[in-house]
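Peer 1: Below is the sequence, then the predicted model.
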Amino acid sequence: MVQGGDPESRDAQKGKRLGSGGPGYTVEAEMLDQYFHQKGALAAARQPDQVNPQKRSSGSQFYIVQGKTWPESQLTGMEMQKNARRDSTNQFKFTDVQRKIYGTIGGYAPLDGEYTVFGQVIEGMEVIDKIAANSVDPQNRPIEDIKMTVTVLD
């Protein structure tokens, strides 16, 4: 993952733990099957379930998925794990499209149904790969700050 949007990250001192700042509001969760965590997905960060059981999205923080490919057996295992925590009327299932993309292009399947995906990188994925290849500190902050400019298109 490549994460951004923490207002506290602008000009933050080296070593400062980042990732918990926000604008003071959240946005309702919108998990839709057609938007999933394939490589290049743009998604909203959020607070953990124990403080955010509605899975409301951060008002500013986002992440871009780099991920990996997933074998069928792991996707099936993830479905079983997710469904063990759900009632029988709300079962999780990867679509055939998700299975194909996760098996070939990749992404990060465990986050499906947990975080709102709202976009997709349409060009410049090699930049995401370069950012993700940078060395990070123990809190996963890049050793050298990386400035991002993101343009969102309709």
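Peer 2: Okay, I see it.
Peer 1: Direction included, what does the helix or strand Tyr63 falls within pair against?
Peer 2: When elements are defined using DSSP states H and E, Tyr63 is found to belong to strand 62-64. Here strand 62-64 is paired, per DSSP bridges, with strand 2-4 (antiparallel), strand 41-44 (antiparallel).
Peer 1: Which elements pack onto the next helix or strand after it?
Peer 2: Per DSSP H and E, the first helix or strand lying C-terminal to strand 62-64 is helix 72-84. Judged by 3 or more Cβ pairs under 8 Å, 6 or more residues apart in numbering; DSSP states H and E, helix 72-84 is in contact with helix 96-104. For the C-beta atoms, the positions are set from N, CA and C on the backbone; glycine is no exception.
Peer 1: Quickly compare the strands paired with strand 62-64 and say which is most buried.
Peer 2: Burial of the strands paired with strand 62-64 is given as mean neighbour count (mean count of other Cβ atoms under 10 Å); strand 41-44 ranks first at a mean of 22.
Peer 1: So which residues make contact with that one?
Peer 2: 27, 35, 37, 57-58, 61-65, 107, 111, 115-121, 152 (Cβ atoms under 8 Å, 6 or more residues apart in numbering).
Peer 1: Which members of these occur in strands, if any?
Peer 2: 27, 57-58, 62-64, 117-120 (DSSP state E).
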